[in-house]
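J.: Sequence isn't available, so here's the structure alone:
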Ligand SMILES: [Zn+2]
């Protein structure tokens, strides 16, 4: 599965009712929890666990977007579709390091 819009639709189908019952801010809290797990996996360098944690972070991000009624693929296309950095408008990015 490569298409972000398809992925968001799949996550909506799988979890929207549960996500609605949980609510926007509790679902967002789960996303933050998953980001913490990704951080731990990165520090440990456990490849299998890393793949799982990246997938979870993307899935929970999309769940939050579903509850906020945000089309993630459209947002990504609008911001990054032109293929240049949205801040400096260069490719590769030439913004000062941060
Ligand atoms: Zn830039």
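T.: Happy to help now that I have it. What you are looking at is a predicted structure, and each value in this text was computed from that prediction instead of being measured. Numbering: from 1, shown residues only.

J.: From here on, just use CA atoms for contacts and neighbour counts.
T.: Fine.

J.: any chance you could map the helices in the chain?
T.: Per DSSP state H, the chain has helices spanning 4-22, 24-44, 47-67, 72-80. These are given in chain order.

J.: Quick one: mean pLDDT over the shortest one.
T.: Confidence for helix 72-80, expressed as mean pLDDT, is 94.

J.: Would you mind listing the buried residues in stretch 17-36?
T.: Using 16 or more other Cα atoms under 10 Å as the burial criterion, the residues of stretch 17-36 that qualify are 19, 24, 27-28, 30-31, 34-35.

J.: want to throw these into JSON lines with pLDDT?
T.: JSON lines is the format used below for these (pLDDT from 0 to 100):
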{"residue": "19", "pLDDT": "98"}
{"residue": "24", "pLDDT": "98"}
{"residue": "27", "pLDDT": "98"}
{"residue": "28", "pLDDT": "98"}
{"residue": "30", "pLDDT": "97"}
{"residue": "31", "pLDDT": "98"}
{"residue": "34", "pLDDT": "97"}
{"residue": "35", "pLDDT": "98"}
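
J.: Which one of these is nearest to the ion?
T.: For the buried residues of stretch 17-36, the residue nearest the ion by Cα to the ion is residue 35; the value is 24.2 Å.

J.: check contacts around that closest one.
T.: 53, 57 (Cα atoms under 8 Å, 6 or more residues apart in numbering).

J.: So it versus residue 45, what's the distance?
T.: The span separating residue 35 from residue 45 equals 15 Å under the rule Cα to Cα, to the nearest Å.

J.: And for residue 3?
T.: Taken as Cα to Cα, the spacing of residue 3 relative to residue 45 amounts to 27 Å.

J.: what sits against residue 16?
T.: The contact partners of residue 16, by Cα under 8 Å, 6+ apart, come to 63, 66-67.

J.: got a markdown table for those residues, with neighbour count and distance to the ion too?
T.: A markdown table is the format used below for the contacts of residue 16 (neighbours: other Cα atoms under 10 Å; distance: Cα to the ion, whole Å):
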| residue | neighbour count | distance to the ion |
| --- | --- | --- |
| 63 | 28 | 28 |
| 66 | 21 | 28 |
| 67 | 18 | 30 |
